Structure formats: structure tokens, C-alpha cells
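1. The following block contains a protein sequence and its predicted model.
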Amino acid sequence: MARVYNFSAGPAMLPTEVLTRARDEMIDYQGTGMSVMEMSHRGKTFVGIAEQAEANLRKLLSIPDNYKVLFLQGGASSQFGAIPLNLGNGSGKADYLNTGHWSVKAIAEAKRLVDVKVVADTQPQNFTTLPAEDEITFSGDADYAHYTPNETIAGVEFPYIPDTGDVPLVADMSSTLLSRPIDVSRFGVIYAGAQKNIGPAGLTIVIVREDLLGKAREGIPSMLDWSIQAEADSMFNTPPTYAWYMAGLVFEQLLASGGLEEMAKINRRKADKLYAAIDGSDFYRNPVEPAYRSWMNVPFMLADDALDKTFLDEAGRQGLVTLSGHRSVGGMRASIYNAMPEAGVDALVHFMNDFAKRHG
């Protein structure tokens, strides 16, 4: 069967080049006679894989030397609790921006551990917009401020980095990391689940400024303590070795393809094409305020929702799959992460135009 264009929000598509190389190295990794998933994480071969992956990630993101890069387990959701446990030991206060489903979850977990102040809330607008930069007033005495740059379900994305002054800014970049260049120095902590732009599920990246280590509250579980993980080079216990290896292959492929500057150009084009198709037809509608539309996750509704199933069935027969919107929003959603080729977006746009002609 031919490969389909998979518009899943995650786990998402991986680059074909990466999957092909992983296939070729599956049984015998570079003459070792073993698969990477069979190797000791403390053996010379895997340590080399891990070190090269970190070096390439640092190069891609231009990560400053005063930041640690951790390759952890537990998904981004485990960091919802790890963040207040590692950072909330000063004033015990934290500022949060509530801008979508994942912000809601992060806030709920943080409230169990610190005094949360919600400094911006777009839930009354059904998360279809974001606050303007000058509309946010941070506390000033919080231990940290947290936001989600891109919300995968609502399809909203911040076009700016909030200015928190001396308060460390924490960002859940699960759905945007590696999609474009970022200024890592603007953040205290960046964290991301791998299953969007990085690699397979099971791996979580945490990039933390070194001066924020060693501040964890007493009694924090060792597995959640960033200082312990940093001292152990992310090998306090057995890490998700194969996912780490796969992420490393993605990093190599991105570097070989022109880096994040080139990736940003491609991702911008893909998003522009899809939004143009939506906005250019009375048959489709995107609910998000245009200034805050996501590059990565594009929700859209049909003029007649009774046609939703027909749309999905016909799209599937064209090799366009996983387009159903999240149950809390309905409609459709196309996630167009790095590994979604421009040809996939072109195919979706062609299908949408044809479907609208036939059913409009």
C-alpha cells in the first residue's frame, strides 16, 4: 500500500528519509549486529548516538552554552507537575496564560502545587483568539510564567514571545519546536513532547537555563528533578533509547535540508496555501482570528456539518487521512507539521476545492 498523507495532530508523520534509514538500520546498526533498541544505554555506541543527537539539536536551535538539554520520559504532561516542583520554591506563585486545552491541563496540575494566577484567559472566546501583547500584566513576583505558544486543538498560535522581565518564561512547545528558528535565550525553560516535529512518542525534550537548576523543592521525586537528570546526562534511569535515536535522525535530516530557516519557509507556504483555500470558499470556515492562526494545526468547518462524514470518507479514499477535528471542537483539523510535505497540502487543497464544487 502507498504511503498516505497523515494529518494527525500526534503521533504525527515522520520524514520518509528518516523512516527509510531506521528501517535499514533496524536489525544491524552500523555493523554492531544489534538494533539500537537492543543496546545498553550506557554502552559506547548508544552514548555516541545520544551525544550526537544533543549536539545536532543545539546546532539547529542555536542553544546557548548555559542551557542544559534533557531527553526524558513521561510526555509533556509530566512536565506540568515537574515545572512547579522545580521552579515554584520561591514565592510559591506562578503566572499562567490560559489559551487552550493544553493550557487548561497545565494550569490544573500547577494549582495542586503552587498559587496560580491566570494573567490572560481566552476561554470566554472559545479559545479562538489570543491576548494582545500589551493586554497581559504579569505579577512580577512569580517564580515563573507559563504559556503554550501553539494550541493544537483550537489552532491558535502566539505571533510574539511574552515579555516577563526577570521572571523566567516557561513554554510548552510540543507542537512548534523545530518548525522555525526561535531565540532560546528569551526562555527559562522550553519543553516539548516528541510526537509532533521531533520523533516518535515516548521522548520529551526539556531545555532549561542552568541558573534555574537546583531550586527544586524538598521531596521532589528524583525522576522529576531536572538537576538530577542533568547530572546524569538524562540517564538517571534507562531512557527511551529508540525514540532518542529516531529524534537524532530527524535532527540530522533537518540540518541536511537547510535547517530551521528553510523549514520555516516551507511551513509558512503550507499554512498560507491551506488558509487561502479555506478563506477563498464560502463552503469552509476557520474560527480563529487571522492574526493568531496556527502554522501547525488548522481547524476548519464545512458549511453543512451533515457532510462531515462524507468529506472524511472521500478524503480517506484519496489518501488524506486523520482529518477529523477534535471532539471538543468538531469539524476538521489538518495538522501540517514539518514532515507533512508541501505536496500533501497541495493534495488536500485540491480535494477541498473539488469537494466544495460537488457538494456546495
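-> Alright, I've got the coordinates.

2. low pLDDT regions in this structure?
-> For the chain, applying pLDDT under 70 flags the ranges 1.

3. Of all the helix elements in it, which one is longest?
-> Looking across the chain with DSSP state H, the single longest helix is helix 259-279.

4. The helix or strand that it is followed by: partners in the sheet, and parallel or antiparallel?
-> From helix 259-279 onward toward the C-terminus, using DSSP states H and E, the following helix or strand is strand 284-285. Its sheet considered, strand 284-285 pairs with strand 297-302 (antiparallel) by DSSP bridges.

5. I'd like to check what contacts the partner strand. Which residues are they?
-> Surrounding strand 297-302, the residues in contact under the criterion C-beta atoms under 8 Å, 6 or more residues apart in numbering are 9, 150-155, 175, 271, 274-275, 278, 283-288, 308, 311, 325-326, 329-336. (Glycine included, C-beta is placed from N, CA and C.)

6. Just the buried ones from the residues you listed, in ChimeraX syntax?
-> The ChimeraX command for the buried members of the contacts of strand 297-302 (criterion: 16 or more other C-beta atoms under 10 Å) is given here:
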select :9,150,151,152,153,154,155,175,271,274,275,278,283,284,286,287,288,308,311,325,326,329,331,332,333,334,335,336
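
7. now, which of the contacts of strand 297-302 lie within helices?
-> Short answer: the contacts of strand 297-302 in helices (DSSP H) are 271, 274-275, 278, 308, 311.

8. among those residues, which two are most distant?
-> For the ones in helices among the contacts of strand 297-302, the maximum inter-member distance is 22.4 Å, found between Ala271 and Asp308 (C-beta to C-beta).

9. Report all helices and strands that the longest helix of the chain contacts.
-> The elements that helix 259-279 packs onto, with contact taken as 3 or more C-beta pairs under 8 Å, 6 or more residues apart in numbering; DSSP states H and E, are helix 44-61, strand 284-285, strand 297-302, helix 342-359.

10. Just say which of these is most tucked in.
-> strand 297-302 (a mean of 24; mean count of other C-beta atoms under 10 Å).

11. so how far is it from its chain's centroid?
-> In terms of C-alpha atoms, centre = their mean, to the nearest Å, the centre of strand 297-302 is set 19 Å apart from its chain centre.

12. Now do it against helix 342-359, angle only.
-> Here strand 297-302 points in a direction 10 degrees away from that of helix 342-359 (axes from the mean of the first three to the mean of the last three C-alpha atoms, to 10 degrees).

13. mind saving the C-alpha coords of strand 297-302 as PDB?
-> Output in PDB follows, covering the C-alpha atoms of strand 297-302 (Å, rounded to 0.1, in the frame of the first residue of the first chain):
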ATOM      1  CA  ASN A 297      -2.800  22.900  13.300                       C
ATOM      2  CA  VAL A 298      -5.600  24.200  11.000                       C
ATOM      3  CA  PRO A 299      -9.200  23.500  12.100                       C
ATOM      4  CA  PHE A 300     -12.000  24.200   9.700                       C
ATOM      5  CA  MET A 301     -15.700  23.600   9.400                       C
ATOM      6  CA  LEU A 302     -17.900  22.700   6.500                       C
END
